[in-house]
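Q: I'd like to go over a predicted model; first the sequence, then the structure.
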Amino acid sequence: MEVRFLGAHNTESESTRMPGIVIDGIIDIDAGGLTSGLSFDDQLKLKCVLLTHQHYDHLRDIPALAMNLFLRERHIDLYGPPEVGVALKGILNGDNYPDFLSEPRESPTLRFHPVRAGEELTIAGYHVLPVPVCHSVPTFGYQVSRGKSVFYTSDTGPGIDFSMTSSRLIIVEVTSSNRFEDFARRSGHLTPSLLEEELLGFQKLKGYLPRVIAVHINPDLEPEIKKELDKLAEHLGADISLAREGLVVSV
Ligand SMILES: [Zn+2]
Ligand SMILES: [Zn+2]
């Protein structure tokens, strides 16, 4: 499997995009940097978008993707917690932007499917498992498997339930540096110090440490987060790195 990182940060600028990855060019997870990170041709190759939660930084390119597909008479399946469907209806209400969830009537551009925790889906030959994580709103991470497997946590605080997953590559959020640990705990995010607890829990459960790639990085704190993650990797003897926009990883 090939994982391409469209957005690796929690805020946008000319050099950073908001969260999103694409697996094998056909399964997108989160839409923070989807249209700005993919050519029109590559957008048309997508079979689905898995959305993790309703926060703007994870949904924002869905209206833009919908317009691109609508103009080419195409449609796409979206999956996510029910709350994501409600949030999308609020944006695509016919006033803010066309209601691509119900138009064109004969074949709507966007087909939203609510998913439930632990109920595995098969999409284009891939097994997709929604795994609940610990954020400020209902949020699913997704494990995507086809022979090999990758688990993307999305936004999460401490307490990830790794018992449902079997991936050797974990794409995990690390939003803040250690000095913001209290903020991270309150808002459902991770720091390198909180990630250490998660990884020790993983090791206790599985008997090994996964490869870890950090995303949802606050750009202002990136040098500090990198230093702390390097130290953690050395301390645990683990492979921990930071994602960047355009990074491609083979699993
Ligand atoms: Zn969030
Ligand atoms: Zn976020």
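A: Arrived safely. Ligands and ions are numbered 1, 2, ... in the order given.

Q: residues touching Gly7, list them.
A: Remark: with contacts taken as CB atoms under 8 Å, 6 or more residues apart in numbering, Gly7 is in contact with Thr16, Arg17, Met18, Pro19, Gly20, Asp30, Gly32, Gly33, Gly37, Val215, Glu245. Every residue, glycine included, has its C-beta placed from N, CA and C.

Q: ok, now Thr156?
A: The neighbours of Thr156, taking CB under 8 Å, 6+ apart as the test, are Val133, Cys134, His135, Thr139, Gly141, Val172, Glu173, Gly188, His189, Leu190.

Q: looking at it, the last one is touching Pro158, isn't it?
A: Okay, so that is Leu190. Yes. Shown here, Leu190 and Pro158 form a contact pair, counting by CB atoms under 8 Å, at 7.0 Å.

Q: all helices of this protein, in order?
A: Secondary structure of the chain (DSSP state H): helices located at 34-37, 40-45, 56-59, 62-71, 82-91, 181-187, 192-206, 222-236.

Q: name the stretch among these that sits most buried.
A: When you average the neighbours per residue for each of the helices of the chain (mean count of other CB atoms under 10 Å), helix 34-37 leads with a mean of 22.

Q: could you name the helices and strands sitting against that helix?
A: Helix 34-37 sits against strand 2-7, helix 62-71, with contacts defined as 3 or more CB pairs under 8 Å, 6 or more residues apart in numbering; DSSP states H and E.

Q: quick one: closest of these to ligand 1.
A: Nearest to ligand 1 among those is strand 2-7 (13.2 Å), distances taken as CB to the ion.

Q: now the closest one: average pLDDT?
A: Average pLDDT, strand 2-7: 98.

Q: close to ligand 2, is that strand?
A: No. Shown here: strand 2-7 not in contact with ligand 2 (CB under 5 Å from the ion), separated by at least 10.0 Å.

Q: what is the neighbour count of His135?
A: As a burial measure, the neighbour count of His135 was computed by other CB atoms under 10 Å and equals 21.

Q: leaving out chain neighbours, which residue sits closest to it?
A: Residue nearest to His135 in three dimensions, not counting chain neighbours: Gly188, with 4.0 Å by CB to CB, 6 or more residues apart in numbering.

Q: got the contact list for the one you found?
A: For Gly188, counting by CB under 8 Å, 6+ apart, the contacting residues are Cys134, His135, Ser136, Thr139, Asp155, Thr156, Gly157.

Q: and His9, by the same measure?
A: Counted by CB under 8 Å, 6+ apart, His9 has contacts Thr16, Arg17, Met18, Pro19, Val215, His216, Ile217, Asn218, Pro219, Glu245.

Q: can you tell me the closest non-neighbouring residue to it?
A: Counting by CB to CB, 6+ apart, Thr16 is the residue found nearest to His9 once chain neighbours are left out, at 4.0 Å.

Q: ok, what's across the strand from Val131?
A: Per DSSP bridges, the residues bridged to Val131 are Gly141.

Q: how near is it to Val174?
A: Distance of Val131 to Val174, given as CB to CB, to the nearest Å: 18 Å.

Q: among those two, which residue is more densely surrounded?
A: Val174 (29 against 23).

Q: was I right to think that one contacts Glu198?
A: No. With contact defined as CB under 8 Å, Val174 does not reach Glu198; the gap is 10.2 Å.

Q: common neighbours of these two, please.
A: Contacts common to Val174 and Glu198, judged by CB under 8 Å, 6+ apart, are Leu190.

Q: okay, now the residue in the stretch 151-251 of the chain positioned nearest to ligand 2: neighbour count?
A: Among the residues of the stretch 151-251 of the chain, Asp155 lies nearest to ligand 2; the distance is 4.4 Å by CB to the ion. Using other CB under 10 Å as the criterion, Asp155 is surrounded by 27 other residues.

Q: got a list of what it touches?
A: In this structure, Asp155 makes contact with Thr52, His53, His55, His58, Val133, His135, Thr139, Glu173, Thr175, Gly188, His189, His216, judged by CB under 8 Å, 6+ apart.
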